[in-house]
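Chemist: 3D model of this:
(4 chains)
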There are 2 protein chains.
Amino acid sequence: MHSPVVEQFLERFSFLRPEDAMQVLEKGTYKVFKPGELIIGEGDRTKRFGFVEEGLIRIFFYKGESDYTFEFIDKNEVFGNLEMILANKPCKRNYESVEPTTVLMVDYHVMEVLFAQNRRLEEARVRVLETNFYELVLQLEKYISLTPEERYRHLLDTRPNLLNRVPQKYIATYLGVTPVSLSRIRKRFRVEK
Amino acid sequence: MHSPVVEQFLERFSFLRPEDAMQVLEKGTYKVFKPGELIIGEGDRTKRFGFVEEGLIRIFFYKGESDYTFEFIDKNEVFGNLEMILANKPCKRNYESVEPTTVLMVDYHVMEVLFAQNRRLEEARVRVLETNFYELVLQLEKYISLTPEERYRHLLDTRPNLLNRVPQKYIATYLGVTPVSLSRIRKRFRVEK
DNA sequence: CCTCTTTCTTATCTTTTGTTAACTCATACA
DNA sequence: TGTATGAGTTAACAAAAGATAAGAAAGAGG
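Modeler: All right, here's what the predicted structure looks like:
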């Protein structure tokens, strides 16, 4: 196993004992993706969990002709193909690297065996799930109560670096507007400020 | 303990052994609310988990002067004050009965003791969490990719009874639009159809 | 270094939404 | 019974977003 990812993984899951984290690491596969490569695709039927050591992943889905960005997964964050893991249905979303990306991937079936064997890992699973759940709640609240312009301003405040790393058209669909509309929002900002 | 709620609880959690479900039930308090009563309020500092035996709850939050509906919790569904349970922060949302509502409420600290003692309850916890997580993902997808009109149509398709049970202004903020705008959307529907 | 392709911006027009206010209607209650 | 209160509808206007198309800027690949 490649050394930097080990340290980073232990650091990210520092609430775990190193030996527990190592149990997961040992089951993982280290993978490298060039920008624009598909990591998990629509129709995928393998339950998988991943940890981003370096780079950036965009999760998106198709609705008719257009694609919509669901989320960006940054360095040190975790992801999984939710339909498969949660609903046992083939994946409906695409996970694509935006930058050169290195990922540690673990088969979720293997994870489930670990969860059943190791109580502390099971607790960590709940902890990660709860954290991500809460993030999702906050995200949904923003869609309910903020205008697209306010959502853009909020993104500027909380994840400013994203805007330099991701094509604007992907930011636009992430905010729930068209690329043309985001361009206008940005123009209003330049004029106002 | 009141009998109907026991049967209904066992039915809802039929993937649990009855004796496990009963462990939870025994710790619960049965509560009755009239329409418009506050069940959990902003600033609440008690971790609580609830099961709706009968009725309907609206979860909402304030942003400036206005209130926004986050979710409706129907009969047989579960809820909890997320900030407290997940982030250990005072609750920022209000849980209010829309109809006469009967609820079984359990202190979440007590639940956590049960989770630690009973492995099968811990698994059920993950299961419920995962299911709700997935629902939230689907909900967020709708906000990203659908127009308010399409979201209204979708609500008509999936939860038609809600529209008869809840004041329209609450449906409006749930859909992310103003009550005036929802009224116009409904008018367009009447004309088109 | 130049060309091809894609992204971003800008413009125009249409549709939708927000805001405010007036009006109707139902309901509660004094 | 009359009156107040709040919800829903409608109207009028301003602001914002969608759709389409054309032009500018930036990147990719030869």
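Chemist: Around chain B, which positions in chain A sit nearby?
Modeler: Contact residues (Cβ under 8 Å from any Cβ of the partner chain) of chain A with chain B: A:61, A:63, A:66, A:68-70, A:82-83, A:85-87, A:122, A:125-126, A:129-134, A:136-137, A:139-141, A:143-145, A:173-174, A:176. For glycine as for every other residue, the C-beta is placed from the backbone atoms N, C-alpha and C.
Chemist: can you give me the strands for chain A?
Modeler: For chain A, strands defined by DSSP state E occupy the ranges A:29-33, A:38-40, A:48-54, A:56-63, A:66-74, A:78-80, A:94-97, A:101-107.
Chemist: How about the residue in chain A that chain B sits nearest to, nearest residue that isn't a chain neighbour?
Modeler: Closest to chain B within chain A is residue A:143: 3.8 Å, counting by Cβ to the nearest Cβ. Of all residues beyond its chain neighbours, the one nearest residue A:143 is residue B:143 (3.8 Å), with distances taken as Cβ to Cβ, 6 or more residues apart in numbering or on different chains.
Chemist: With residue A:6 instead?
Modeler: Closest to residue A:6 by Cβ to Cβ, 6+ apart is residue A:25, at 6.1 Å.
Chemist: May I have the residues that are in contact with the one you found?
Modeler: Taking Cβ atoms under 8 Å, 6 or more residues apart in numbering or on different chains as the contact definition, residue A:25 lies against A:1, A:5-6, A:9, A:104.
Chemist: Let's see the pLDDT reported for it.
Modeler: Listed pLDDT for residue A:25 reads 94.
Chemist: could you measure it against residue A:129, distance?
Modeler: Distance, residue A:25 to residue A:129, by Cβ to Cβ, to the nearest Å: 20 Å.
Chemist: got it, and residue A:44?
Modeler: Taking Cβ to Cβ, one finds residue A:44 at 20 Å from residue A:129.
Chemist: now do residue A:138
Modeler: 15 Å.
Chemist: quick one: which of the two has more around it?
Modeler: residue A:129 (18 against 12; other Cβ atoms under 10 Å in any protein chain shown).
Chemist: residues contacting that one?
Modeler: B:126, B:129-130, B:133.
Chemist: Try it again at 10 Å.
Modeler: A:86, B:86, B:125-126, B:129-130, B:132-133 (Cβ atoms under 10 Å, 6 or more residues apart in numbering or on different chains).
Chemist: And residue A:152, by the same measure?
Modeler: Listed by Cβ under 10 Å, 6+ apart, the contact set of residue A:152 reads A:146, A:163, A:171-172, A:174-175, A:177, A:181-182, A:185-186, A:188-189.
Chemist: hmm, which of those residues are the buried ones?
Modeler: Using 16 or more other Cβ atoms under 10 Å in any protein chain shown as the burial test, the contacts of residue A:152 include A:146, A:171-172, A:174-175, A:177, A:182, A:185-186 as buried.
Chemist: Narrow those to those in helices?
Modeler: A:171-172, A:174-175, A:182, A:185-186 (DSSP state H).
Chemist: Can you tell me which of those is nearest residue B:167?
Modeler: Using Cβ to Cβ, residue A:175 comes nearest to residue B:167 of these, at 29.6 Å.
Chemist: where's the residue nearest the centre of chain A relative to residue A:59, distance?
Modeler: In chain A, the centroid-proximal residue (Cα atoms, centre = their mean) is residue A:73; its distance is 2.8 Å. Going from residue A:73 to residue A:59 by Cβ to Cβ gives 7 Å.
Chemist: any common contacting residues for these two?
Modeler: Residues touching both residue A:73 and residue A:59 (Cβ under 10 Å, 6+ apart): A:39, A:79, A:95.
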